[in-house]
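A.B. asks: what's the 3D shape of this:
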Amino acid sequence: MKSARFARLASPLAMALALSFSLPALGEDFTPVRLTAEEIQLNSDTSRPGSMGMAVLAGDMSKSGLYSARIRIPAQLRIPPHAHPEDRVVVVLAGTLHFGFGDHFDAAAMKAMTPGSFFIEPAGKPHFAWTQSDDAILQVSGIGPSGTVYLNPADAAH
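C.D. replies: Have a look, this model is predicted:
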């Protein structure tokens with residue numbers, strides 16, 4: 001009786017142990033970082049609509065692994081429907097971001113996300129956004145590699 005129970009437990013345990021040696025540890029490339037708000041420089045990113053300002057605070061968005069970025073979306077910017085290959089967790093730090101899910105831009109479907117608001121962009125789920133009278137600053141985190149695919153390929157040219 002004990003040997004049958006052991007056999008049922010041993011197989012999953014052996015697999016978990018084997019995987020733990022073959023997979024890199026999450027965050028193994030991280031080094032301790034302490035940045036004040038004044039030390040974070042948002043550089044213009046011309047690959048994004050409206051030349052958004054961006055700073056990658058941890059990780060590398062183009063590689064596998066955890067990343068965290070600060071993004072400034074300028075006022076009056078409409079971001080067309082697009083999706084990302086990874087799940088993203090977003091917190092609005094400043095300003096108001098009007099945000100919606102769907103495959104076409106629909107102002108009526110948007111929700112005003114004010115400072116302190118939180119939302120998730122599920123992998124592959126189309127969404128769109130719009131800033132109105134003020135810039136919005138977001139903290140975005142996910143597990144890369146990251147990317148952006150616009151539903152209308154012409155929108156990728158900004």
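
A.B. asks: Do a quick rundown of the strands in this structure.
C.D. replies: The residue ranges that make up the strands of the chain, judged by DSSP state E, are 43-44, 53-58, 65-73, 78-83, 88-94, 97-101, 111-113, 118-121, 127-131, 136-144, 149-150.

A.B. asks: would TSV of those with mean neighbour count be doable?
C.D. replies: Where C-beta positions appear, they are placed from N, C-alpha and C, glycine not excepted. TSV is the format used below for the strands of the chain (neighbours: other C-beta atoms under 10 Å):
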stretch	mean neighbour count
strand 43-44	12
strand 53-58	17
strand 65-73	20
strand 78-83	19
strand 88-94	17
strand 97-101	20
strand 111-113	15
strand 118-121	14
strand 127-131	21
strand 136-144	20
strand 149-150	15
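
A.B. asks: For Arg88, list the residues it contacts.
C.D. replies: If you count contacts by C-beta atoms under 8 Å, 6 or more residues apart in numbering, Arg88 has them with Ile120, Glu121, Val140, Ser141, Gly142, Ser146.

A.B. asks: Name the helix or strand of the chain that has the lowest mean pLDDT.
C.D. replies: helix 2-22 (a mean of 45; mean pLDDT, DSSP states H and E).

A.B. asks: picking up where we left off before, lowest-confidence stretch among the strands of the chain?
C.D. replies: Note on the strands of the chain: lowest mean pLDDT is at strand 43-44, with a mean of 90.

A.B. asks: Need the contact partners of it.
C.D. replies: Ser51, Met52, Gly53, Met54, Ala55.

A.B. asks: mind checking how far it is from the chain centre?
C.D. replies: Between the centre of strand 43-44 and the centre of its chain there are 18 Å (C-alpha atoms, centre = their mean, to the nearest Å).

A.B. asks: Please identify the pairing partners of that strand and their relative orientation?
C.D. replies: Strands that pair with strand 43-44, judged by DSSP bridges, come out as strand 53-58 (antiparallel).

A.B. asks: Can you show me the CA trace of the strand it pairs with as PDB?
C.D. replies: C-alpha atoms of strand 53-58 as PDB (Å, rounded to 0.1, in the frame of the first residue of the first chain):
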ATOM      1  CA  GLY A  53       8.200  58.600 -22.900                       C
ATOM      2  CA  MET A  54       9.500  55.300 -21.400                       C
ATOM      3  CA  ALA A  55      12.000  53.900 -18.900                       C
ATOM      4  CA  VAL A  56      12.500  50.200 -18.400                       C
ATOM      5  CA  LEU A  57      13.100  50.000 -14.600                       C
ATOM      6  CA  ALA A  58      13.800  46.200 -14.300                       C
END
